[in-house]
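Undergrad: predicted model and sequence follow; I will ask about them next.
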Amino acid sequence: MLKQLGKTLSFIAMTLVISLCITTTGKAATTLGVYEGNGCDGVSDLAGFVNWFGRQPDFVVDFFASDSWTSMMNDATWAIGCWKRQNKTVLFSVPMLPQDGSTLQQGAAGNFDDKFRALAKLLASNGYGNATIRLGWEFNGGWYAWAAKKDPANWILYWQRIVTVMRSEPGTSFRFDWCSAQGLQQIAASDVYPGDAYVDVIGRDNYNQTWDASIVTPQDRWNNIVSEPYGLTWLQAFAAQHGKPISIPEWGTGTRPDGHGGGDDSYFVQQMAAWIKKNNVLYHNYWDYSAPDYDAKLSLGSQPAAGAAYLTAFRSIPRAPTSVVAKKGS
């Protein structure tokens, strides 16, 4: 009975948060985030985005290091402190494993409970006890230590264990974003869904890119992103099936060193804005960053068409009355 009451109260709380993001016109206010870099580097570069965009974003995204457990906690301490001093709402991307040989099986057995308990304490002590955690993002790909294909059964058990440990910390009300990479990748995302009790938001990263040589126009590229296996159509249907809101924690258009990026593509930005509006996405985050593997930066003016489309789509939308990611200090 108490467990069911807790679930009911959690659902009411989420409903209240969503309702607070409804404008007087009856349309959902855009909860808009941006990635500008890690920790204090992101704080410094955020000023350029704000100057270009004309206002502060509703939240920012950050990532913790995954070299080792020690580096993860050191980076988390630094990054959390940087954003706390700015009173910023943050969507925290938290690794499930570092690149030190730690395994999903060990995690499922509880070997790393202390790491996530310590992280929960750190977040709570800095006013981020109700943050949304993007745990083990892009798990269906093969580029992170926590790749689900390595051990799907233990991946699920480990996710469930991390969520349970972090939620058990007194004074916290973390939400967890289950965020896949776009497309099928190495394993079907749905094959490692941890269960509705362990997921609050269903997310997917979405970049303007293709490896299909027959897809050459912006329209064809967008249609493929929507309709491909585990594309945006799947995301909408899967989230609806599980009664969860949708997030797009990373999206962008730009260039890749291998030539597979969509470049300065205003059509992609326009279609993303329309899809976000139509599907009542809870929050989305633009990758305004020149990463080695994908340069989607808009705020420096190097992609004028895409940048103009982004400003047209989002600049006139006022800040959400409250953040659905979390509100620092509340």
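TA: Nice, thanks for sending it over.
Undergrad: can you map out the strands along the stretch 151-300 of the chain?
TA: With strands called from DSSP state E, counting those that start in this stretch, the stretch 151-300 of the chain shows them at 175-180, 201-204, 206-207, 246-252, 283-287.
Undergrad: which one of those lies closest to residue 313?
TA: Distance to residue 313, taken as C-beta to C-beta, is lowest for strand 283-287 among those, at 10.5 Å. Where C-beta positions appear, they are placed from N, C-alpha and C, glycine not excepted.
Undergrad: what's that closest one packed up against?
TA: Here strand 283-287 touches strand 32-35, strand 59-63, strand 246-252, going by 3 or more C-beta pairs under 8 Å, 6 or more residues apart in numbering; DSSP states H and E.
Undergrad: and that strand, which strands flank it?
TA: strand 32-35 (parallel), strand 246-252 (parallel) (DSSP bridges).
Undergrad: any idea which residue sits dead centre in the protein?
TA: Nearest to the mean C-alpha position of the chain, counting by C-alpha atoms, centre = their mean, stands residue 249 at 2.8 Å.
Undergrad: I'd say residue 266 and residue 305 touch.
TA: Yes - Residue 266 is within contact range of residue 305, at 4.2 Å (criterion: C-beta atoms under 8 Å).
Undergrad: the two: who's more crowded?
TA: Counting neighbours by other C-beta atoms under 10 Å for residue 266 and for residue 305 shows that residue 266 has the greater number, 19 against 14.
Undergrad: quick one: contacts for that one?
TA: Contact analysis of residue 266 by C-beta atoms under 8 Å, 6 or more residues apart in numbering lists 305, 306, 308, 309.
Undergrad: state the distance from it to residue 306.
TA: Note on residue 266: its distance to residue 306, by C-beta to C-beta, to the nearest Å, is 5 Å.
Undergrad: again, but for residue 220
TA: Look at residue 220 and residue 306: by C-beta to C-beta, they are 17 Å apart.
Undergrad: out of the two, which sits in the more crowded spot?
TA: Taking neighbours as other C-beta under 10 Å, residue 220 and residue 306 compare with residue 306 leading, 25 against 13.
Undergrad: helices or strands up against the helix or strand harbouring that one?
TA: Using DSSP states H and E, residue 306 maps to helix 304-314. Identification of packing neighbours for helix 304-314 by 3+ C-beta pairs under 8 Å, 6+ apart yields helix 39-53, helix 266-278.
Undergrad: next one: the last one to chain centre, how far?
TA: The chain centre lies 18 Å from the centre of helix 266-278; the measure is C-alpha atoms, centre = their mean, to the nearest Å.
Undergrad: and what of stretch 290-302?
TA: Its chain's average C-alpha position is 18 Å from that of stretch 290-302, according to C-alpha atoms, centre = their mean.
Undergrad: ok, now stretch 133-149?
TA: Distance, stretch centre to chain centre, for stretch 133-149: 12 Å (C-alpha atoms, centre = their mean).
Undergrad: ok, and for that stretch, which residues are buried?
TA: Using 16 or more other C-beta atoms under 10 Å as the test for burial, stretch 133-149 gives 133-141, 144-149.
Undergrad: now do stretch 310-319
TA: Neighbour counts over stretch 310-319 (16+ other C-beta under 10 Å) mark 310, 311, 313, 314, 317 as buried.
Undergrad: any chance of the strands of the stretch 151-300 of the chain in a markdown table, with distance to residue 119 too?
TA: Below are the strands of the stretch 151-300 of the chain laid out as a markdown table (distance: least, C-beta to C-beta, whole Å):
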| stretch | distance to residue 119 |
| --- | --- |
| strand 175-180 | 13 |
| strand 201-204 | 19 |
| strand 206-207 | 27 |
| strand 246-252 | 18 |
| strand 283-287 | 21 |
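Undergrad: adding mean pLDDT and distance to residue 224, write the ones you listed out as a markdown table.
TA: Listed next are the strands of the stretch 151-300 of the chain as a markdown table, based on pLDDT from 0 to 100; distance: least, C-beta to C-beta, whole Å:
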| stretch | mean pLDDT | distance to residue 224 |
| --- | --- | --- |
| strand 175-180 | 98 | 17 |
| strand 201-204 | 97 | 15 |
| strand 206-207 | 98 | 12 |
| strand 246-252 | 98 | 15 |
| strand 283-287 | 97 | 19 |
